[in-house]
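*Asks:* what's the 3D shape of this:
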Amino acid sequence: MTRFYSIDDASAALPEVERILLALRDQRTELIRLRDRIAAASTAGGGGTEGGGRVDSPAEVAEVGRIRLAMQGLIDQMQAGVARIDELDVVLRDIGTGLIDFPALVNGRQIWLCWRLGDGEVAWWHELTTGVAGRQLIVDLA
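*Replies:* Next up is the predicted model:
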């Protein structure tokens, strides 16, 4: 970690971070949807031969190939989003909820400024060891 954020710095970074987090969340949802399509395709076949083996038609094989290609594109996009968050020295905690932490110093003590999608502003903090479960309002920071 090379940077510590003030509350103002963290607030100024929110538009970009929020845009990235929203994209990551949507990409994750689409990746799960595509994974489920492949899983459904692999269980849908399976009764076409005497021994219960699968018979994949060329169209099914091609469709699975297209889905996997789309999945790889999403993974590449997600890696780029995570890399950008890392470049900002922000810690991504959870894509699903859009939970992130900004490193900060208060009275010489390192803490995390905690934010997640839907919070509006940077209004929470927590100790390095407590995580989001121990987050407290910034106005109570002493």
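*Asks:* after the longest helix along the chain comes which helix or strand?
*Replies:* Counting by DSSP state H, the longest helix found in the chain is helix 7-44. As assigned by DSSP states H and E, the chain's next helix or strand after helix 7-44 is helix 58-87.
*Asks:* return the set of buried residues in the helix or strand that that following helix is followed by.
*Replies:* Moving toward the C-terminus from helix 58-87, the next helix or strand (DSSP H and E) is strand 91-94. The neighbour-count check on strand 91-94 (16 or more other Cβ atoms under 10 Å) flags Leu92, Arg93 as buried. Any C-beta I mention is one placed from the backbone N, CA and C, and that applies to glycine too.
*Asks:* partners of strand 91-94 in the sheet?
*Replies:* Here strand 91-94 has these sheet partners by DSSP bridges: strand 99-106 (antiparallel).
*Asks:* quick one: average pLDDT of the helix or strand following the strand it pairs with?
*Replies:* Following strand 99-106 in sequence order, the next helix or strand is strand 109-116 (DSSP H and E). Averaging pLDDT along strand 109-116 gives 96.
*Asks:* may I have strand 109-116 as CSV, with CA atoms only?
*Replies:* The C-alpha trace of strand 109-116 is given here as CSV (Å, rounded to 0.1, in the frame of the first residue of the first chain):
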residue,chain,number,x,y,z
ARG,A,109,-3.0,4.9,13.3
GLN,A,110,-3.9,3.1,10.1
ILE,A,111,-7.6,2.4,9.6
TRP,A,112,-9.9,1.6,6.7
LEU,A,113,-12.4,4.0,5.4
CYS,A,114,-15.2,1.7,4.5
TRP,A,115,-17.7,2.1,1.6
ARG,A,116,-20.0,-0.1,-0.4
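*Asks:* what about it, distance to the chain center?
*Replies:* A distance of 18 Å separates the centroid of the chain from that of strand 109-116, by Cα atoms, centre = their mean, to the nearest Å.
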